[in-house]
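>>> Predicted structure and sequence below. I'll ask about it afterward.
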Amino acid sequence: MIASDIMTRKVITIHPEASAQEAAQLLDQFRISGLPVVDASGDLIGIVTEADIISKVNRYGLLDPDGLRVADIMSRDVTTVAEETPVSEIATLLTERKIKRVPVVCEGRLVGIVSRGDIVHAVALGHLIIRQW
């Protein structure tokens, strides 16, 4: 199996000029833990996660009111894969890099995302076999 076989194709994204609060609202609304950040032309430029939001909550339990934008808190060094990347390789990337998702890109454009949940779902359906060590 390859990324295109299990990836989520309808990816919720956000623009870098959106507020950190807007990012938190999308994460909450769609019950997801990360949002790819795309520029006006649809190119992937980063990712914002629950951890990025949590790290900006101040000691009073409030998101810092400094007008933080997604661009201020997103990770810019994003691990990505191609549609043809084997799922076994993706599983290794997620495990070794301790990340929860990888955007799937084609020529710099976001075409999908593979999360830990997508891999677990494929195992649950019997499409992937868990190997013994």
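Everything's here; your move.

>>> Make sure Thr92 is indeed in a strand.
No: with DSSP: H, G, I helix; E, B strand; the rest coil as the criterion, Thr92 is assigned helix and is not in a strand.

>>> what's the spacing between it and Ala124?
The spacing between Thr92 and Ala124, counted by CB to CB, to the nearest Å, is 20 Å. (Each C-beta comes from the backbone N, C-alpha and C, glycine too.)

>>> mind listing what's buried in stretch 12-29?
Within stretch 12-29, the residues that count as buried by 16 or more other CB atoms under 10 Å are 13-14, 16, 18, 20, 23-24, 26-27.

>>> Which single one of the residues you listed is nearest to Thr85?
When the buried residues of stretch 12-29 are ranked by distance to Thr85 (CB to CB), Thr13 comes first, at 20.1 Å.

>>> pretty sure the closest one contacts Leu35?
Yes: under the contact definition of CB atoms under 8 Å, Thr13 touches Leu35, with a separation of 6.2 Å.

>>> So which of the buried residues of stretch 12-29 are in helices?
Within the buried residues of stretch 12-29, membership in helices is found for 20, 23-24, 26-27, as judged by DSSP state H.

>>> could those residues go into JSON lines alongside pLDDT and distance to Glu83?
Formatted as JSON lines, those follow (pLDDT from 0 to 100; distance: CB to CB, whole Å):
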{"residue": "Ala20", "pLDDT": "91", "distance to Glu83": "31"}
{"residue": "Ala23", "pLDDT": "95", "distance to Glu83": "26"}
{"residue": "Ala24", "pLDDT": "93", "distance to Glu83": "30"}
{"residue": "Leu26", "pLDDT": "97", "distance to Glu83": "24"}
{"residue": "Leu27", "pLDDT": "96", "distance to Glu83": "25"}
